[in-house]
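Chemist: Below are the sequence and a predicted model for it; my questions follow.
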Amino acid sequence: MAKISPLAQAVAELVHDGDTVALEGFTHLIPVAAGHEIIRQRRRDLTLVRMTPDIVYDQMIGAGCARKLVFSWGGNPGVGSLHRFRDAVQHAWPVALEIEEHSHAGMANRYVAGASGLPFAVLRGYIGTDLPTVTDSIKPITCPFTGEQLAAVPALTPDVTVIHAQRADRHGNVQLWGLLGVQKEAVLAARRSLVTVEEIVDELTPMPGAIVLPAWAVTAVAEVPGGAHPSYAQGYSERDNDYYTAWDAISRDRDAFARWLADTVYTPTAGSLA
């Protein structure tokens, strides 16, 4: 059975310096509160993994948590670039950031391979692209049945995967629905997992299209209402578009970012943007 814990305790127990950490969620149900708690606990030398790193990874990179980013697209959705990410890559501020770039399909298949207990995944999508010339973890492979030239990518098995979901029951079974990404695969591929939820209930109510992660697949659950803000949680909250817009100006300037970090993350009342 998954352990029900406060967020700070769960992060302290599950996320360690040097870990490979995946915070997954596609536009929807992004575990922002958990990312801020990782910053507050000043974790360092993390390999951050995410198909679509957006502003929470920009914040974690700017706070000095990361030494490497494994990803397939990065940006402030609907607004523009990730300026803390760019500063780390171009100017090694606050620390140098190594990058490993894949396609969306490559990342998704890497999670599937990890969840399936396989050492690698095979796909066609890299053939004819330049990515194999810049990413060492993409290797050519020949199909033993047809002779077709394909690409292999290693399984992703994070030390810990963190996701946000709508609810969990008191045994730690987790339910999420709406626009989903690779949350299920990322949890099943990981050695440890933390799920923040909008609420903990006595019993899960069936929802059309919902995914249920059984308690045996989840290490810890933390009740964090609004834990996906500024992204949205279907049935609970709307996307805060103003936050994404305001982040662009804050993230462009190192001093403005440092003030934001001090005022909103490293304080007991953290949570607002400005």
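Modeler: Here it is on my side, so go on.

Chemist: show me the residues around H83 that make contact.
Modeler: Taking Cβ atoms under 8 Å, 6 or more residues apart in numbering as the definition of contact, the neighbours of H83 are 58, 248, 251-252. Every C-beta, even on glycine, is put in place using the N, C-alpha and C of the backbone.

Chemist: so how far is L14 from it?
Modeler: Relative to L14, H83 is positioned 29 Å away (Cβ to Cβ, to the nearest Å).

Chemist: re earlier: just the buried ones from the contacts of H83?
Modeler: Using 16 or more other Cβ atoms under 10 Å as the burial test, those include 58, 251 as buried.

Chemist: Could you point out which of the contacts of H83 is nearest to T196?
Modeler: Proximity of these to T196 was ranked by Cβ to Cβ; the top entry is D58 with 19.3 Å.

Chemist: Would you list the phi and psi of that closest one?
Modeler: The phi and psi values for D58, taken as degrees, to the nearest 10, are phi -60, psi -40.

Chemist: And it, how far from D136?
Modeler: Using Cβ to Cβ, one obtains 25 Å as the distance from D58 to D136.

Chemist: tell me what the helix or strand where A258 lies is packed against?
Modeler: Following DSSP states H and E, one finds A258 within helix 254-260. If contacts are counted by 3 or more Cβ pairs under 8 Å, 6 or more residues apart in numbering; DSSP states H and E, helix 254-260 sits against helix 241-252.

Chemist: tell me which residues of the helix it packs on are tucked away?
Modeler: Of the residues in helix 241-252, those with enough neighbours to count as buried (16+ other Cβ under 10 Å) are 243-244, 246-247, 250-251.

Chemist: Would you mind giving the residues you listed as CSV with pLDDT added?
Modeler: Supplementary listing: these in CSV, determined by pLDDT from 0 to 100:
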residue, pLDDT
Y243, 98
Y244, 98
A246, 98
W247, 98
I250, 98
S251, 98
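
Chemist: Between those residues, which sits nearest D54?
Modeler: Nearest to D54, judged by Cβ to Cβ, of these is Y244 at 8.2 Å.

Chemist: who's in contact with the closest one?
Modeler: By Cβ under 8 Å, 6+ apart, the contact list for Y244 reads 55, 76-79, 230.

Chemist: Can you classify V162 by secondary structure?
Modeler: strand (DSSP: H, G, I helix; E, B strand; the rest coil).

Chemist: quick revisit: with distance to A33 added, can I get the contacts of H83 in JSON lines?
Modeler: Shown next, in JSON lines, are these (distance: Cβ to Cβ, whole Å):
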{"residue": "D58", "distance to A33": "16"}
{"residue": "D248", "distance to A33": "21"}
{"residue": "S251", "distance to A33": "19"}
{"residue": "R252", "distance to A33": "24"}
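
Chemist: number of nearby residues for T27?
Modeler: Counted with other Cβ atoms under 10 Å, the neighbours of T27 add up to 16.

Chemist: Could you point out which residue ranges in the stretch 1-150 of the chain have low pLDDT?
Modeler: Scanning the stretch 1-150 of the chain for pLDDT under 70 picks out nothing.

Chemist: Against V187, how distant is the nearest residue to Q183 once chain neighbours are set aside?
Modeler: Counting by Cβ to Cβ, 6 or more residues apart in numbering, the nearest residue to Q183 once its immediate chain neighbours are dropped is I163, at 4.5 Å. Plainly put, I163 is 6 Å away from V187 if you go by Cβ to Cβ.

Chemist: Need the residues touching each of those two.
Modeler: By Cβ under 8 Å, 6+ apart, the residues touching both I163 and V187 are 193, 195.
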